[in-house]
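Asks: sharing a model that was predicted from the sequence below.
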Amino acid sequence: MHQTRRHDDHGMITIWILGMVLVVAVIGAVSIGAWSAFGERRELSGVADQAAQAGATAFDTDWFRTTGERRLDAAVARDRAITILERHDVSFDPARSVIDTTTDQVVITLVKDSNAPFLDVLTDGDPVVIAVTAIARLRQD
């Protein structure tokens, strides 16, 4: 007795495997882009933390000797933070980033567009924006 096929399934497994390979490749590419963006954020965050901490070391000793109150020298704090930012080879957008120094805290906000590959698939071509903020306050105890 001879069996005949009711449906012609020749080649379907090949098409299915090629489709799955394509799906895995897209997921892998997006994952690589996401990890790259996370790495950029971690690096930017570390530099912002260092700059804020450097600025917070600008203790105004003359003011303390005169009044007995603790405070930061805001101009020196800003200069120290900028020095740290210039010393590191990390790119950020100076037009959108903020260095705010007062007599009691240093706030560093760094912003940049990510260079991570393949993420434009998720964002319709818009850049992925990375923004980090580091705050260092003068202890008053």
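Replies: Received it, and whenever you're ready, just let me know what you need.
Asks: need the pLDDT of the residue nearest the centre of the chain.
Replies: Centroid-nearest residue in the chain: residue 41, 1.9 Å away (criterion: Cα atoms, centre = their mean). For residue 41, the model assigns a pLDDT of 92.
Asks: what residues does the strand or helix carrying residue 112 touch?
Replies: Here residue 112, judged by DSSP states H and E, is contained in strand 105-113. Here strand 105-113 makes contact (Cβ atoms under 8 Å, 6 or more residues apart in numbering) with 40, 44, 47-48, 51-52, 55-56, 72, 77-78, 81, 85, 91-93, 96-101, 127-138. Where C-beta positions appear, they are placed from N, C-alpha and C, glycine not excepted.
Asks: sheet partners, orientation included, of it?
Replies: Paired neighbours of strand 105-113 in the sheet (DSSP bridges): strand 98-101 (antiparallel), strand 129-137 (antiparallel).
Asks: would you turn those into a markdown table with distance to residue 14, mean neighbour count and mean pLDDT?
Replies: Putting the strands paired with strand 105-113 into a markdown table (distance: least, Cβ to Cβ, whole Å; neighbours: other Cβ atoms under 10 Å; pLDDT from 0 to 100) gives the following:
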| stretch | distance to residue 14 | mean neighbour count | mean pLDDT |
| --- | --- | --- | --- |
| strand 98-101 | 56 | 18 | 94 |
| strand 129-137 | 42 | 17 | 93 |
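Asks: residue 15 is nearest to which of these?
Replies: strand 129-137 (39.2 Å; Cβ to Cβ).
Asks: now that closest one - C-alpha only, CSV.
Replies: The C-alpha trace of strand 129-137 is given here as CSV (Å, rounded to 0.1, in the frame of the first residue of the first chain):
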residue,chain,number,x,y,z
VAL,A,129,19.4,59.9,26.4
ILE,A,130,21.5,59.0,29.4
ALA,A,131,21.3,61.4,32.4
VAL,A,132,22.9,61.0,35.8
THR,A,133,22.9,63.2,38.9
ALA,A,134,25.4,63.1,41.8
ILE,A,135,24.9,65.1,45.0
ALA,A,136,27.5,65.7,47.6
ARG,A,137,26.5,67.6,50.8
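Asks: about what we covered before: let's have the strands paired with strand 105-113 in a markdown table, adding distance to residue 26.
Replies: Listed next are these as a markdown table, based on distance: least, Cβ to Cβ, whole Å:
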| stretch | distance to residue 26 |
| --- | --- |
| strand 98-101 | 37 |
| strand 129-137 | 23 |
